[in-house]
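K.L.:
Generate a structure from the sequence data that follows.
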Amino acid sequence: MATSERTKLNSIITALRFFNQFDTKMQVSTMLTLLEIAAAGLDKRSIAVQDLEQKIGMLSGTASRNALYWAEGHNDMRGGHKMVDISIDPNDRRKRSLKLTSKGRAFIDSITGGSHGAEARDEISS
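P.N.:
Below is the predicted model of the structure:
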């Protein structure tokens, strides 16, 4: 295998290990939920639960539960990691806008090697 391919694989493996620390049985769609919210934030665009349904190919209930998993949690599942803030979209009150909290940004930075470095690891563990 070429070195660049191995480097890319190592990056994916590292990212999956970060997600594994929260839940060893985490679904890929749950991981993609947080990553899509992070990508929207980097692009300075808003993202709603309905956008996740389309981007990831989930049913609306699954998309809502995945957002809640990363936000304040849900009675019927694990979660409550406080990495996502869910708010009512001021332009369309039927939509819930999603964005990373500082803890969520720190987690993404720890995966990508972003600018927060050690402070990212400290915030995630708290």
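K.L.:
Which residue, other than its chain neighbours, is closest to the residue nearest in space to the middle of the chain?
P.N.:
In the chain, the residue lying closest to the centroid (Cα atoms, centre = their mean) is Leu34, at 1.3 Å. Nearest residue to Leu34, sequence neighbours excluded (Cβ to Cβ, 6 or more residues apart in numbering): Trp70, at 5.2 Å. Placement of C-beta: from N, CA and C, glycine included.
K.L.:
which residue packs closest to Ser46, ignoring adjacent ones?
P.N.:
Using Cβ to Cβ, 6+ apart and skipping residues adjacent in sequence, the residue nearest Ser46 is Ser97, 5.3 Å away.
K.L.:
for Arg45, helix, strand, or coil?
P.N.:
Assigned state for Arg45: coil (three-state reduction, DSSP: H, G, I helix; E, B strand; the rest coil).
K.L.:
How many residues are close by it?
P.N.:
Per other Cβ atoms under 10 Å, the neighbour tally for Arg45 reads 9.
K.L.:
same deal with the one 10 residues further on?
P.N.:
Counted with other Cβ under 10 Å, residues neighbouring Lys55 total 15.
K.L.:
how far out from the middle of the chain is whichever helix in the chain runs longest?
P.N.:
If you go by DSSP state H, the chain has its longest helix at helix 3-20. Centroid separation for helix 3-20 versus its chain: 17 Å, with Cα atoms, centre = their mean, to the nearest Å.
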